[in-house]
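S.K.: what's the 3D shape of this:
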Amino acid sequence: MDVLKHKHKIPEKVYAELEKRGFTKLRPAQAKSIDAGLFEDKNLLVCTPTASGKTLVAELAFLNAILHDKGKAVYVVPLRALASEKYKTFKKDYPSIKIAISSGDIDSADSFLEQYDLIITTSEKFDSLIRHKAHWLKQVKTVIIDEVHLLNDPGRGPTLEVLITILRSILKNLQLIALSATIGNPKELAEWLKAELIIDEWRPVRLDKGVYLDGKIDFE
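M.R.: So this is what the prediction gives:
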């Protein structure tokens with residue numbers, strides 16, 4: 001879908017960033033997210049296949065929080081390696097935005113984060129920052145939860161659930177953007193998150209299913 005068709009729904013400064021990146025088309029999940037209220041501070045649960053464009057939905061959300069609403073955004077990932085990967089990518093793609101990574105010592109409040117607009121962290125570290133009562137938290141406008149299906153993970157799930165619950169209690173105007181390629185109960189989760197549910201099956205490469213036996217594949 002041509003991005004120009006949604007230009008009237010995209011804040012001017014955010015649209016300017018899209019132009020810098022050379023985006024001219026929106027993938028289905030991205031267009032659906034905009035139509036569902038991405039730029040109207042609506043919570044979103046985006047459940048679409050890998051490589052379907054979920055990350056750009058997150059980018060649009062944090063650009064809106066930072067450039068339009070003049071607040072901070074936090075991008076929560078499950079692993080430190082993924083935090084490092086996102087940090088490198090976003091630093092390259094958005095050189096004008098102050099971006100920090102915080103995924104180390106969970107006993108530190110990392111007060112230096114007050115100077116940054118986008119903070120990339122893990123759920124465990126973000127939970128620690130909240131418990132340390134980091135004073136910059138009140139400036140957070142949008143929180144993106146990547147791999148939100150890990151709520152069902154015995155190890156990380158409880159921390160993530162508590163994190164989301166506390167965030168919603170201390171930040172009354174918080175916009176929550178949750179992303180996942182696979183969720184067994186998307187409607188129930190969207191209801192718990194008080195989020196608009198975005199589901200789409202589009203993927204950049206066709207997925208075929210088959211059975212391999214004796215050197216042959218029989219496709220369905």
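S.K.: so what's Glu114 closest to, chain neighbours aside?
M.R.: Trp136 (4.2 Å; CB to CB, 6 or more residues apart in numbering). The way it works is simple: take the backbone N, C-alpha and C, and place the C-beta from them, glycine included.
S.K.: Tell me how many other residues surround the one you found.
M.R.: Here the count is done by other CB atoms under 10 Å, and Trp136 has 17 residues near it.
S.K.: try Ala36
M.R.: Per other CB under 10 Å, the neighbour tally for Ala36 reads 17.
S.K.: Next: the one 3 residues further on.
M.R.: For Phe39, the count of nearby residues is 19 (other CB under 10 Å).
S.K.: Just want the most central residue of the protein.
M.R.: Ile144 (3.5 Å; CA atoms, centre = their mean).
S.K.: wait, isn't that one in contact with Lys72?
M.R.: No - between Ile144 and Lys72 there is no contact under CB atoms under 8 Å: 11.9 Å.
S.K.: quick one, what contacts Pro78?
M.R.: 122-123, 146-147, 150, 156 (CB atoms under 8 Å, 6 or more residues apart in numbering).
S.K.: any idea which of the residues you listed is least confident?
M.R.: Lowest pLDDT of the contacts of Pro78: Arg156, 80.
S.K.: Tell me how far the residue nearest to the centre of the chain lies from Ile119.
M.R.: Per CB to CB, to the nearest Å, Ile144 is found 11 Å from Ile119.
S.K.: which neighbours do these two share?
M.R.: Residues touching both Ile144 and Ile119 (CB under 8 Å, 6+ apart) are 73-75.
S.K.: Is it possible to get TSV of those that adds pLDDT, neighbour count and distance to Lys98?
M.R.: Formatted as TSV, these follow (pLDDT from 0 to 100; neighbours: other CB atoms under 10 Å; distance: CB to CB, whole Å):
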residue	pLDDT	neighbour count	distance to Lys98
Ala73	97	28	11
Val74	97	23	13
Tyr75	97	27	13
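S.K.: hang on, the earlier thing: did I read that right, the residue nearest to the centre of the chain in a strand?
M.R.: Yes - assessed by DSSP: H, G, I helix; E, B strand; the rest coil, Ile144 belongs to a strand.
S.K.: Thanks a lot, see you next time.
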